[in-house]
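1. What follows is a predicted protein model with its sequence.
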Amino acid sequence: MEYFLFQLRALFLITTPLRGNYLAEYVAGAVAATLFELLVGMTMEAIFKVKYWDYSHKPFQYKGYICLESSLCWGLLSVVAAEVLQ
């Protein structure tokens, strides 16, 4: 849960300056969240030797850490967070 809350807070910081420009919010949020998910996934596996999530069964994935489907969802969540939750 802490991972998600940290990521949501980071999305607020990234998308706040872009507020009102939905496409920019979407792209910035999707890219930032995807990179963060990749970094956290690789780091946690390196430290704990456990993969906490695995997208390897999904199309357009990278080493099971990230996939296009979750990236698109992160973009949508970014717009919702910036426009509704803030």
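-> Thanks, I have the structure now.
2. Name the residues of the longest helix anywhere in the chain that are buried.
-> Of all the segments of type helix in the chain, defined by DSSP state H, the longest one is helix 22-48. Using 16 or more other Cβ atoms under 10 Å as the burial criterion, the residues of helix 22-48 that qualify are 25-26, 28-30, 32-34, 36-37, 40-41, 44. All C-beta spots, glycine's among them, are computed from the backbone N, C-alpha and C.
3. Going by distance to E83, which of those wins?
-> When those are compared for distance to E83 (Cβ to Cβ), E25 comes out closest, at 7.5 Å.
4. what's the pLDDT at that closest one?
-> The confidence metric pLDDT takes the value 93 at E25.
5. And for the one 10 residues further on?
-> pLDDT, L35: 95.
6. nearest spatial neighbour of the residue nearest the centre of the chain, skipping sequence neighbours?
-> The geometric centre of the chain, computed from its C-alpha atoms, lies nearest to A33 (Cα atoms, centre = their mean), at 2.4 Å. Here the nearest residue to A33 in space, its sequence neighbours aside, is W74; by Cβ to Cβ, 6 or more residues apart in numbering that works out to 3.6 Å.
7. what's the neighbour count on the one you found?
-> Neighbouring residues of W74 were enumerated by other Cβ atoms under 10 Å; the total is 21.
8. Tell me which helix or strand it sits in.
-> Element membership for W74, per DSSP states H and E: helix 68-80.
9. avg pLDDT for that helix?
-> 94.
10. who are the neighbours in contact with the residue nearest to A33?
-> Applying Cβ atoms under 8 Å, 6 or more residues apart in numbering, one finds that W74 lies in contact with L11, G29, A30, A33, T34, E37.
11. could I get the residues you listed as a markdown table with distance to G20?
-> Compiled in a markdown table, the contacts of W74 are given as follows (distance: Cβ to Cβ, whole Å):
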| residue | distance to G20 |
| --- | --- |
| L11 | 16 |
| G29 | 14 |
| A30 | 17 |
| A33 | 20 |
| T34 | 23 |
| E37 | 26 |
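12. Please determine how far the residue nearest to A33 is located from V50.
-> Taking Cβ to Cβ, to the nearest Å as the criterion, W74 is separated from V50 by 22 Å.
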